[in-house]
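Asker: For reference, the sequence and a predicted model appear below.
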Amino acid sequence: MGYSVGQVAGFAGVTVRTLHHYDAIGLLSPGGRSTAGHRRYDDADLDRLQQILFYRELGFPLEEVAVLLDDPHADPQEHLRRQHTLLTARIGELQRMAAAVEHAMEAKKMGINLTPEEKFEVFGDKDPERFAEETARRWGGSLPLRPGGRGGTPTHEQARARAAGYGKEEWQRMKDEVDAWGAAYAALMAGGADPGSEEAMDLAEAHRRHLTTWFFECHPRTHVELAEMYVADENFHAFYESIHPGLPEHLREAVRANAARRTG
């Protein structure tokens, strides 16, 4: 007896009206009728409906679907190969879209309010999302307020809140400050200055003021704790080491000396 139009609509997740339309345009005409004249669909009709819905899901117009399904030279294996190719392409596209959305979410969370062109204008070939993530990590992303503390502190939230309001000009100024500070500290170390020297302590103080200006209120005691992280944490250490060999350890001692100078 086959299946009624209502049953098929339920199987396929479409409306009865849709099935009537497919019948009217000759895309899917049921193979039989009941004694009362009602549409009855057989297994071959269900197979064709499955093909129709697949191509519709991929965005094919009904006219093109009809051409594909009624091609006299196509066989079931050809349909399967075509579907596999189309699905593989769609999966790749969706994966790229998902990655783009994840990056956008992370950028929004980290406060990067720049267009792609602006991001690369500011950061060059450095991935801007990674730059933002590392900036928050180094200067407030996982900051302990006391020894043994954890991230998610008020200081961390203050850093995120400030970063959320920055645009292209602010990120550019911040990057310029970091670059200038790094060049000055590298020159100081190349000249053999001691971490306890006035010049080293002044640069340590400039580092602390940079954090206070851009991210959070950085007390000298907190600055000392941060400097310990610059040595102990491999990501922090790698960043400062890239500016000048031995800089993490040198900066730690300069920060300690500066804190003693300011609080002693």
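Answerer: Arrived safely.

Asker: what ranges of the chain fall below the confidence cut-off?
Answerer: Scanning the chain for pLDDT under 70 picks out 1, 74, 76, 100-101, 103-160, 163-164, 264.

Asker: surely residue 6 meets residue 16?
Answerer: Yes. The pair residue 6 and residue 16 passes the contact test of CB atoms under 8 Å, sitting 6.2 Å apart. In short, each C-beta sits where N, CA and C put it, glycine included.

Asker: tell me the strands in the chain, going along the chain?
Answerer: Applying DSSP state E to the chain gives strands spanning 3-4, 32-33, 39-41.

Asker: Looking at those, which one is packed in the most?
Answerer: strand 39-41 (a mean of 22; mean count of other CB atoms under 10 Å).

Asker: quick one: that one to chain centroid distance?
Answerer: Centroid displacement of strand 39-41 relative to its chain, using CA atoms, centre = their mean, to the nearest Å, is 49 Å.

Asker: Stretch 171-178 too?
Answerer: 23 Å.

Asker: how about the CA coordinates for that stretch, as CSV?
Answerer: Extracted in CSV, the C-alpha atoms of stretch 171-178 (Å, rounded to 0.1, in the frame of the first residue of the first chain):
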residue,chain,number,x,y,z
TRP,A,171,46.7,49.3,20.4
GLN,A,172,49.3,51.0,18.2
ARG,A,173,50.4,53.3,21.0
MET,A,174,50.7,50.4,23.4
LYS,A,175,52.7,48.4,20.9
ASP,A,176,55.0,51.4,20.3
GLU,A,177,55.6,51.8,24.0
VAL,A,178,56.4,48.1,24.4
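
Asker: what comes up buried for that stretch?
Answerer: Buried residues in stretch 171-178, counted by 16 or more other CB atoms under 10 Å: 171, 172, 174, 175, 177, 178.

Asker: Equivalent analysis for stretch 58-76, please.
Answerer: Under 16+ other CB under 10 Å, the buried positions of stretch 58-76 are 60, 65, 66, 68.

Asker: picking that back up, return the closest of the buried residues of stretch 171-178 with respect to residue 55.
Answerer: Nearest to residue 55 among these is residue 171, at 46.1 Å by CB to CB.

Asker: distance of that closest one from residue 177?
Answerer: As judged by CB to CB, to the nearest Å, residue 171 and residue 177 stand 11 Å apart.
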